[in-house]
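J.: Coordinates only, no sequence provided:
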């Protein structure tokens, strides 16, 4: 069966982020459990990136699976237009209680891109129908990544993702790189808002860590500065916690590093527990009230499966598991192990900029970014040793499940170090 499936894959499946003309044969995964994937030959691989960051509690947490099974037998799906249901209502209450600041409304969607798209549209329409229609420009960080719909692409700054669509996306100003500290980006934002706030709808930030942009960790002072400036100029602040939420950077929300409150908070990935796509955009009462009144002020936007009962039930159970199992507290010593290991990796000849924050760690092998090739050698060696360690070009990183067992974490870190060292040695003349 395996040869036939792989042959059919080659004929018909278009894989994401993959150059088919040079890609290696994909893994044929049959099942997943905890922090591990199992292929058709029975070999296991530690899932070093939580399957693109969503399996925050591993792949089959028993309480999430039980919640999904129970909900499936009751109410798998129903539209949220003119209808409501218990999981969506209770989840909205729980998210508002857990969220920072004065966020009081929850708009559901499907994934990180649509959570961002919802926030962008909310801002543009709010200003359009509340006396400032000229406010339709956005501001984001250089090397930011906020998703893949056209709106989300507009506020993303990774050139290789954005360049083909630059002529058809929303107007967005990208601030200078902030790798050497927040001062340059902060100064650029301050000058931009002083000059052009009357045309800006919102500033969009991934707090503290830019994920797909290269796992760039930056000073929380930039987030605080952005909040202060946006308040001063009455510009909305959209915070993208799609990657950073649910303890990925240490605290429950990465915003806690900066101690700020946003106008809109975008959630996805971990919210669905790795079982289902599910997303939410949380907004303030001010934004919500800006859509009340005449029929044409309605937010005419929604997705077929927005707020679906299955996803909402799983997400609600995920929040409860975090509390009951003290997931954030249990992750602290794991984060320390990761930090110590990547500090050692940073001493290897050929490694640039090793860094870590919470359950995120990364190192660079070159400055070539997504188009670098050395990362592929690390990926291949890690697979051979038993870890799915898919890099961002020449950026090698780990974002394992928050609750990864210590033996699996130690094995993963050992594989990372050995694979990096092997690739660097093979590349030397």
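T.: Nice, I can see it. Keep in mind it's a predicted model, so treat the numbers as computed, not measured. Numbering: from 1, shown residues only.
J.: From here on, just use CA atoms for contacts and neighbour counts.
T.: Fine.
J.: who's in contact with whatever helix or strand residue 192 lives in?
T.: Remark: residue 192 resides in helix 183-196, with elements defined by DSSP states H and E. Helix 183-196 is contacted by residues 141, 175-178, 200, 222, 225-226, 229-230, 233 when judged by C-alpha atoms under 8 Å, 6 or more residues apart in numbering.
J.: Mind checking which of those residues are buried?
T.: Burial of the contacts of helix 183-196 was assessed by neighbour count (16 or more other C-alpha atoms under 10 Å); the buried members are 141, 175-176, 178, 200, 222, 225-226, 229-230.
J.: For those, give me JSON lines that also has secondary structure, pLDDT and distance to residue 316.
T.: Compiled in JSON lines, these are given as follows (DSSP: H, G, I helix; E, B strand; the rest coil; pLDDT from 0 to 100; distance: C-alpha to C-alpha, whole Å):
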{"residue": "141", "secondary structure": "strand", "pLDDT": "90", "distance to residue 316": "32"}
{"residue": "175", "secondary structure": "strand", "pLDDT": "89", "distance to residue 316": "36"}
{"residue": "176", "secondary structure": "coil", "pLDDT": "79", "distance to residue 316": "38"}
{"residue": "178", "secondary structure": "coil", "pLDDT": "54", "distance to residue 316": "36"}
{"residue": "200", "secondary structure": "strand", "pLDDT": "98", "distance to residue 316": "35"}
{"residue": "222", "secondary structure": "helix", "pLDDT": "89", "distance to residue 316": "32"}
{"residue": "225", "secondary structure": "helix", "pLDDT": "92", "distance to residue 316": "33"}
{"residue": "226", "secondary structure": "helix", "pLDDT": "94", "distance to residue 316": "31"}
{"residue": "229", "secondary structure": "helix", "pLDDT": "96", "distance to residue 316": "34"}
{"residue": "230", "secondary structure": "helix", "pLDDT": "98", "distance to residue 316": "32"}
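J.: out of those, which one sits closest to residue 398?
T.: Distance to residue 398, by C-alpha to C-alpha, is smallest for residue 178 among these, at 21.8 Å.
J.: How far off centre is the lengthiest helix in the chain?
T.: Determined from DSSP state H, the single longest helix within the chain is helix 406-427. Between the centre of helix 406-427 and the centre of its host chain there is 24 Å, according to C-alpha atoms, centre = their mean, to the nearest Å.
J.: in that helix, what counts as buried?
T.: Taking 16+ other C-alpha under 10 Å as the neighbour-count basis, helix 406-427 is seen to contain the buried residues 408-410, 412-413, 415-421, 423-424.
J.: which phi and psi does the residue nearest the centre of the chain have?
T.: What sits nearest the mean C-alpha location of the chain, by C-alpha atoms, centre = their mean, is residue 243, with 2.3 Å. Geometry field for residue 243 lists phi and psi as phi -90, psi -40, criterion degrees, to the nearest 10.
J.: got it, and the one 10 residues further on?
T.: When read as degrees, to the nearest 10, the backbone of residue 253 gives phi -120, psi 140.
J.: For the closest residue to it other than its chain neighbours, give its distance to residue 69.
T.: With C-alpha to C-alpha, 6 or more residues apart in numbering as the measure, residue 245 is the residue that lies nearest to residue 253, at 4.9 Å, once sequence neighbours are left out. According to C-alpha to C-alpha, to the nearest Å, residue 245 stands 25 Å off from residue 69.
J.: Report the buried residues of the helix-or-strand element of the chain with minimal mean pLDDT.
T.: Among the helical and strand segments of the chain, the one scoring lowest on mean pLDDT, DSSP states H and E is helix 159-162, with a mean of 80. Of the residues in helix 159-162, those scored as buried under the neighbour-count criterion (16+ other C-alpha under 10 Å) are 161-162.
J.: Check stretch 79-93 too.
T.: Neighbour-count burial for stretch 79-93, with 16+ other C-alpha under 10 Å as criterion, is recorded at 79-80, 85, 87-88, 91-92.
J.: what's the first-to-last distance across it?
T.: One end of stretch 79-93 to the other measures 19 Å (C-alpha to C-alpha).
J.: likewise stretch 203-217?
T.: End-to-end span of stretch 203-217 (C-alpha to C-alpha): 19 Å.
J.: Show me which parts of that stretch are buried, residue by residue.
T.: Buried positions in stretch 203-217, judged by neighbour count with 16+ other C-alpha under 10 Å: 203-217.
J.: Which of those fall in strands?
T.: When the buried residues of stretch 203-217 are checked against strands using DSSP state E, the ones located there are 203-205, 209-210, 216-217.
J.: So which of those is the closest to residue 161?
T.: Of all those, the one with the least separation from residue 161 (C-alpha to C-alpha) is residue 210, at 14.5 Å.
J.: list the contacts for the closest one?
T.: Under the criterion of C-alpha under 8 Å, 6+ apart, the neighbours of residue 210 are 143-145, 216-217.
J.: do that again at 10 Å, thanks
T.: Contacts here follow C-alpha atoms under 10 Å, 6 or more residues apart in numbering; on that basis residue 210 touches 141-146, 216-218, 240, 243-244.
J.: what's the helix or strand encompassing residue 69 in contact with?
T.: Counting by DSSP H and E, the element that carries residue 69 is helix 62-74. Helix 62-74 is contacted from outside by 34, 57, 59-60, 76-77, 87, 272-276, 309-318, 320-321, using C-alpha under 10 Å, 6+ apart.
J.: Now, of these, which are buried?
T.: When these are checked against 16+ other C-alpha under 10 Å, the ones flagged as buried are 34, 57, 59-60, 77, 87, 272-276, 309-318, 321.
J.: which ones among those are found in helices?
T.: When the buried ones among the contacts of helix 62-74 are checked against helices (DSSP H), the matches are 87, 309-318, 321.
J.: For those, give me a markdown table that also has distance to residue 112 and pLDDT.
T.: What follows is those, written out as a markdown table (distance: C-alpha to C-alpha, whole Å; pLDDT from 0 to 100):
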| residue | distance to residue 112 | pLDDT |
| --- | --- | --- |
| 87 | 20 | 98 |
| 309 | 18 | 98 |
| 310 | 18 | 98 |
| 311 | 14 | 98 |
| 312 | 15 | 98 |
| 313 | 18 | 98 |
| 314 | 17 | 98 |
| 315 | 14 | 98 |
| 316 | 18 | 98 |
| 317 | 20 | 98 |
| 318 | 17 | 98 |
| 321 | 22 | 98 |
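J.: ok, those residues vs residue 114, which is closest?
T.: Closest approach to residue 114 among those (C-alpha to C-alpha): residue 311, at 15.0 Å.
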